[in-house]
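J.: I need the structure of the sequence given here:
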Amino acid sequence: MQKTTVINLLIVAAFSTILFSCNKSRDYKSSSRATGWNLNDKDGGFQYNPKAKEQETGPGLVFVEGGTFTMGKVQDDPMRDWNNTPTQQHVQSFYMDETEVTNLMYLEYLDWTKKVYPPENENYKLIYQGALPDTLVWRNRLGFNETMTNNYLRHPAYADYPVVGVSWIQAVEFSKWRSDRVNELILEEEGYTKRGARLTDVDASTTFNTQTYLNSPSDTYGGNLEITQGGRTSERLVDRDSTHLFVQLTDGLLLPEYRLPTEAEWEYAALGLGSLRSYNVYRGKKKYPWDGQYTRSGERRTRGDQMANFKQGDGDYGGIAGWSDDGADITAAVKSYEPNDFGLYDMAGNVAEWVADVYRPIVDDQFNDFNYFRGNVYTKNSIGEDGKIELVTTESIVYDTLSNGKIVARNMPGEILQVPVDENETYLRTQFSQSDNRNFRDGDKRSTRNFQAFNDDLDEQETTRLMYNSPKHSVEPGEEGLERQYDQENTRTTLVNDEVRVFKGGSWRDRNYWLDPAQRRYFPQDMATDYIGFRNAMSRVGSKSKEGKRARN
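T.: Predicted structure coming up:
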């Protein structure tokens, strides 16, 4: 009897094991889910990094978990403006600078640029000059502001103050520089590149660029393999596969690029909806980055303190001296006020901030309500006749003359030369049909009220003129300096064109009306002011949640 019971138990156990094995998901971390072959086989299997960690948080950034929100004006609208009609949008998770880019951060960029591209060298002087902020933005014909003109950028007393006098174009170039410097340090710390080379072995012809390294690593640092393979002797690399000389995208080691946030990202981050638990609260019930309808704190410990740095009235930039003052008359040091629920500082007040978008008075949510962005200009890597990517050299730098007469470098040595996408990429596609999409559905034939499918008399040029008839000034280099040609036509009806960018948030010069994250204004992308700064963002790759709480094996 006992023997029969034991046999029955063994049969049940065996059957349970088989059933469990059938239902249990197999582990494909070391083998292919497609073929069953071993990954990373030393005899030539597909090389893949199963131990790749979740995306690291880059220097200066905080994580912003994405979600849905009501984008646009949902509170006071005394002007009856229609350029920010509420729309429902969804934003993917991303990272954002916890503070605005400071003078100290920008000075580090200027110092690197000056060392690598010495301005005393005739070939490079325009590079450094093009990166310099415009310190004259502080001047006023009836104001004494020379203290800021002479000191604000470089004096250590202002080191932690947000940088101003930076155009949108300059902010984009800073973002590119920052991306490369962060990834350059990662490679050095991981032992892939020669230690200290980023400081001692770099000049105009031997710089590091992330995309160049990923696409043609042997051409990085001007093809100096002593730098790109100089870390191979470190203890951290001696056991690695000898064929894996360079970091690849599949390693998941390098970070995505630092960039300007999109308008939707910036507004979502400024609202700080992460801690809300009431579904209806996000539908227009939040006027500021903080909770409440007032600019002064209601907390017992800080009751009456101003929550941001802004202009409180005519001739009142900070309040009466003493406890009721907001602590600043011009800009204030970053982190002078409490952060919002995402941990972001100064998303209202201090300085307004550039975002990536080209300005239009509408947000076309009928066409797209996911990661909305206007400003896409698609390019691709230039491939030479030899089949290899073409890099920008010190002799092939292209300079652009801006509308205000300043000259900036369009590309930098060591970068991959970019060209517009062509029919090879656009033919029969449904998502996009051209390289430049800045005025898509807003300035072309199909977006005008006059458009009819059978109306061939209305050409593209006429349609654009009807909608955005902005001045067209001309500034070009001449034999005797810059030749400026002002547009003197009296038929112009707007300042909106494809070269104006959105800026968000109130500043030290603005009344509290502009502190609402939904407010939006525009400014030429090649001009600067004393009240617009910027901060960077970075895309999130992988799971929506930083903790991966919904991830599955």
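J.: check the secondary structure at the closest residue to Lys29 other than its chain neighbours for me.
T.: Nearest in space to Lys29, with sequence neighbours left out and distances taken as C-beta to C-beta, 6 or more residues apart in numbering, is Pro50 at 4.5 Å. To be clear about C-beta, it is placed using only N, CA and C from the backbone, and glycine gets the same treatment. Secondary structure state of Pro50, per DSSP: H, G, I helix; E, B strand; the rest coil, is coil.
J.: check contacts around Pro50.
T.: Shown in contact with Pro50 (C-beta atoms under 8 Å, 6 or more residues apart in numbering): Lys29, Ser30, Leu39, Asn40.
J.: drop the exposed ones from these and show what's left.
T.: Neighbour counting over these (16 or more other C-beta atoms under 10 Å) leaves Leu39 as the buried ones.
J.: report the two of the contacts of Pro50 separated the most.
T.: The distance between the two most remote of those (C-beta to C-beta) is 10.4 Å, for Lys29 and Asn40.
J.: return the subset of the contacts of Pro50 lying in helices.
T.: Using DSSP state H, no member of those falls in helices.
J.: what comes up buried for stretch 335-348?
T.: Residues of stretch 335-348 classed as buried: Ser336, Tyr337, Pro339, Asn340, Phe342, Leu344, Tyr345, Asp346, Met347, Ala348 (neighbour count, 16+ other C-beta under 10 Å).
J.: closest one of those residues to Val363?
T.: For the buried residues of stretch 335-348, the minimum distance to Val363 (C-beta to C-beta) is 19.4 Å, reached by Met347.
J.: distance of the nearest residue to the closest one once chain neighbours are set aside from Asn145?
T.: The shortest distance from Met347 to any non-neighbouring residue, by C-beta to C-beta, 6+ apart, is to Ala270 (3.9 Å). Distance from Ala270 to Asn145, counting by C-beta to C-beta, to the nearest Å: 28 Å.
J.: out of the contacts of Pro50, who's nearest Arg303?
T.: Once C-beta to C-beta is applied, the member of the contacts of Pro50 that ends up nearest Arg303 is Lys29, at 54.6 Å.
J.: show the pLDDT at the closest one.
T.: Predicted confidence (pLDDT) for Lys29: 72.
J.: any idea how far it is from Leu249?
T.: Lys29 is 19 Å from Leu249, by C-beta to C-beta.
J.: re the thing from before, now, which of the contacts of Pro50 lie within strands?
T.: Among the contacts of Pro50, no member falls in strands (criterion: DSSP state E).
J.: any chance of the contacts of Pro50 in CSV, plus distance to Leu104?
T.: Output for the contacts of Pro50, formatted as CSV (distance: C-beta to C-beta, whole Å):
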residue, distance to Leu104
Lys29, 43
Ser30, 46
Leu39, 45
Asn40, 43
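J.: and which of the contacts of Pro50 is nearest to Glu423?
T.: Nearest to Glu423 among those is Leu39, at 37.5 Å by C-beta to C-beta.
J.: for the residue lying closest to that closest one once chain neighbours are set aside, which residues are in contact?
T.: Once flanking residues are discounted, Leu39 sits nearest to Tyr48: 4.9 Å by C-beta to C-beta, 6+ apart. Residues near Tyr48 by C-beta under 8 Å, 6+ apart: Leu39, Asn40, Thr250.
J.: and Tyr48, how close does it get to Pro133?
T.: Computed as C-beta to C-beta, the Tyr48 to Pro133 distance reads 45 Å.
J.: now Arg154
T.: The gap separating Arg154 from Pro133 is 10 Å, by C-beta to C-beta.
J.: same drill for those two, tell me which one is more crowded.
T.: Pro133 (20 against 13; other C-beta atoms under 10 Å).
J.: how much space is there between the more buried one and Phe534?
T.: Noted for Pro133: a distance of 11 Å to Phe534, by C-beta to C-beta.
J.: can you list the low-confidence ranges for the stretch 251-400 of the chain?
T.: Applying pLDDT under 70 to the stretch 251-400 of the chain picks out residues 274-285, 323.
J.: and the strands in it?
T.: For the stretch 251-400 of the chain, applying DSSP state E, counting those that start in this stretch gives strands covering 352-358, 379-381, 399-401.
J.: please, where are all the strands along the stretch 451-553 of the chain?
T.: 474-478, 481-485, 500-504, 520-524, 532-533, 537-539.
J.: need these in JSON lines (columns: distance to Ala332).
T.: Putting those into JSON lines (distance: least, C-beta to C-beta, whole Å) gives the following:
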{"stretch": "strand 474-478", "distance to Ala332": "36"}
{"stretch": "strand 481-485", "distance to Ala332": "37"}
{"stretch": "strand 500-504", "distance to Ala332": "18"}
{"stretch": "strand 520-524", "distance to Ala332": "21"}
{"stretch": "strand 532-533", "distance to Ala332": "12"}
{"stretch": "strand 537-539", "distance to Ala332": "22"}
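J.: most packed of the ones you listed?
T.: The highest mean neighbour count among the strands of the stretch 451-553 of the chain, using mean count of other C-beta atoms under 10 Å, belongs to strand 532-533: a mean of 30.
J.: which residues are in contact with that one?
T.: Under the criterion C-beta under 8 Å, 6+ apart, residues 100-101, 162-164, 166, 350-354, 503, 507, 523 lie in contact with strand 532-533.
J.: looking at the residues you listed, spot the one nearest Leu199.
T.: Of all the contacts of strand 532-533, Val101 has the smallest distance to Leu199: 22.0 Å, by C-beta to C-beta.
J.: check contacts around that closest one.
T.: Pro162, Val163, Ala171, Phe174, Gly533, Phe534, Arg535, Asn536 are the contacts of Val101 under C-beta under 8 Å, 6+ apart.
J.: select from the residues you listed the one having the most neighbours.
T.: Counting by other C-beta under 10 Å, Gly533 has the largest number of neighbours within those, with 32 neighbours.
J.: for the protein, give me the ranges with low pLDDT.
T.: In the chain, residues with pLDDT under 70: 1-26, 44, 74-81, 231-244, 274-285, 323, 443-467, 547-553.
J.: mind listing the helices for it?
T.: Assigned by DSSP H, the chain shows helices spanning 2-23, 103-116, 125-131, 146-151, 168-189, 197-200, 210-215, 225-228, 263-271, 423-426, 460-467.
J.: so which of those helices is nearest Thr70?
T.: Closest approach to Thr70 among the helices of the chain (C-beta to C-beta): helix 263-271, 9.0 Å.
J.: format the CA atom coordinates belonging to that closest one as PDB.
T.: Only the C-alpha atoms of helix 263-271 are listed here, as PDB (Å, rounded to 0.1, in the frame of the first residue of the first chain):
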ATOM      1  CA  GLU A 263       7.400  72.400 -26.700                       C
ATOM      2  CA  ALA A 264       5.200  69.600 -25.600                       C
ATOM      3  CA  GLU A 265       7.900  68.100 -23.500                       C
ATOM      4  CA  TRP A 266       8.700  71.400 -21.900                       C
ATOM      5  CA  GLU A 267       5.100  72.200 -21.000                       C
ATOM      6  CA  TYR A 268       4.500  68.700 -19.700                       C
ATOM      7  CA  ALA A 269       7.600  68.900 -17.500                       C
ATOM      8  CA  ALA A 270       6.700  72.400 -16.300                       C
ATOM      9  CA  LEU A 271       3.300  71.300 -15.100                       C
END
